[in-house]
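**Student:** Quick check, what structure comes out for this input:
(one chain, ligands or ions: 1)
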Amino acid sequence: MLRSKILNRIRLLKPVIDRRCMSSASKTPLTLLEVDDKSGIATLSLNRPPVNSLNIDLMNSIIESITEIEGNKSRGLILTSANDRVFCAGLDLNELHKPNQERLKEFWAVFQDVWLALHLCSVPTAAAINGHAPAGGCLLATACEYRVMLPQMTIGLNETQFGYMAPKWVMLSYLSVLPRRLAERALTQGKLFTTAEALDVGLVDEIAASKEEALAKCSTFIDSFSKANPLARSLTKKQIREPDVQKLIADRAGDLKECLEYINSPLLQDGLGAYFEALKQKSRSKAGKS
Ligand SMILES: CCCCC/C=C\C/C=C\CC/C=C/CC(=O)SCCNC(=O)CCNC(=O)[C@H](O)C(C)(C)COP(=O)(O)OP(=O)(O)OC[C@H]1O[C@@H](n2cnc3c(N)ncnc32)[C@H](O)[C@@H]1OP(=O)(O)O
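**Tutor:** Predicted structure coming up:
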């Protein structure tokens, strides 16, 4: 009785995922999903060059992969990148700068969905962070239960550096891994932690010398649940994560409204335009040098 009550509650918590098609103009899969026959662990690689920035299609592809992993009885999920320099560059700035209003609404709803899907994923989750993970990239990593990172990369919620305030639920994700005082300072500074700093404050759990080692460490973490009953484990995780998740689920429409007003404000659009232009300029001068 109690169990079915909890299960119903959890079902209500689960995001309603509209299975939009995984469209891609380039016909390249935006995520690669591999399940190891022996270990039963699924590796989900982000595969949207050049920097795995999160547009609607990539986020839908992640959601579909998570749904598949939950359905195919995989023992765990490792999130990583097919790119060996960038784990995920966060939200695709093309979606935020001078946006089409209807698309922006869809984009934000899918952004909420992807966080909910990863945060509430029923199997153990770990991120093998084999490249930079700013902003939304850091959010994906902190939605996982464990993080292993390669040296000389950066990670953090750097939104204030380009004029955004991270939404409340994004901040909660940070607060679930960092002590409050540290999270407040890092969020207000828009700090990007180096790998060593991230380990020092507990934003990542381990450092690995190579991607292979990172994947192996993630697998070891997933194996650590071998003695736990999968359903009991998953219900426990969801109960613990419920308060944060409820803060978003209870007011998804309010979050969307706030975000639209905020993103459309001229001050924010100007700041974002300048930031994006500087990124493009940096990329052009790099290309010129090589
Ligand atoms: C008052 C109530 C308020 C309520 C609050 C409500 C709403 C708040 C609203 C919004 C919150 C917004 C939350 C945002 C989260 C985000 O994720 S925003 C994205 C932030 N991301 C970044 O800042 C990362 C920027 N990128 C980099 O730092 C670097 O690119 C890199 C990831 C470290 C990789 O460096 P690398 O040298 O390898 O590559 P390049 O820099 O040369 O880039 C290559 C290529 O990629 C383009 N690019 C990079 N990042 C992005 C991106 N995020 N989106 C789109 N495009 C990107 C770059 O421009 C280059 O392209 P090219 O010029 O065509 O070569």
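**Student:** so who does Ile69 touch?
**Tutor:** Contacts here follow Cβ atoms under 8 Å, 6 or more residues apart in numbering; on that basis Ile69 touches Leu33, Val35, Ala42, Leu44, Leu77, Cys121, Val123. C-beta: built from backbone N, CA, C; applies to glycine.
**Student:** Just to check, the first one is in contact with Thr67?
**Tutor:** No - at 10.9 Å, Leu33 and Thr67 do not qualify as touching, with contact defined as Cβ atoms under 8 Å.
**Student:** which of those two has more neighbours?
**Tutor:** Between Leu33 and Thr67, counted using other Cβ atoms under 10 Å, Leu33 has the larger neighbour count: 18 against 14.
**Student:** Just grab the bridge partners of the more buried one for me.
**Tutor:** Leu44 (DSSP bridges).
**Student:** For Leu248, give its distance to Leu79.
**Tutor:** Remark: distance between Leu248 and Leu79 (Cβ to Cβ, to the nearest Å) = 20 Å.
**Student:** neighbour-wise, which of the two wins?
**Tutor:** Per other Cβ under 10 Å, whichever of Leu248 and Leu79 has more neighbours is Leu79, with 28 against 20.
**Student:** And the residue lying closest to the more buried one once chain neighbours are set aside, which helix or strand is it part of?
**Tutor:** Spatial nearest neighbour of Leu79, chain neighbours left out: Ala127 (4.8 Å); criterion: Cβ to Cβ, 6 or more residues apart in numbering. Assigned by DSSP states H and E, Ala127 falls within strand 125-129.
**Student:** Mind giving me the packing neighbours of the next helix-or-strand element following that strand?
**Tutor:** Remark: after strand 125-129, the chain's next helix or strand is strand 133-134, criterion DSSP H and E. Where contact means 3 or more Cβ pairs under 8 Å, 6 or more residues apart in numbering; DSSP states H and E, strand 133-134 is packed against strand 154-156.
**Student:** rerun that using 10 Å as the cut-off
**Tutor:** helix 136-143, strand 154-156 (3 or more Cβ pairs under 10 Å, 6 or more residues apart in numbering; DSSP states H and E).
**Student:** Near Lys282, how many other residues are there?
**Tutor:** Lys282: 10 neighbours (other Cβ under 10 Å).
**Student:** Which pLDDT value goes with it?
**Tutor:** Per-residue confidence (pLDDT) for Lys282: 94.
**Student:** ok, now how distant is it from Tyr275?
**Tutor:** For Lys282 relative to Tyr275 (Cβ to Cβ), the value is 11 Å.
**Student:** Show me which residues of this structure are close to the ligand?
**Tutor:** Within reach of the ligand by Cβ under 6 Å from any ligand atom, the chain has these residues: 50-51, 53, 85-86, 89-94, 132, 134-136, 158-159, 162, 164-167, 258-259, 262-263, 279-280, 282-283, 286.
**Student:** Whichever of the residues you listed end up buried, select them in PyMOL.
**Tutor:** Those of the residues of the chain next to the ligand that count as buried under 16 or more other Cβ atoms under 10 Å are selected in PyMOL with:
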select buried, resi 51+53+86+89+90+91+92+93+132+134+135+136+158+159+162+164+166+167+259+263
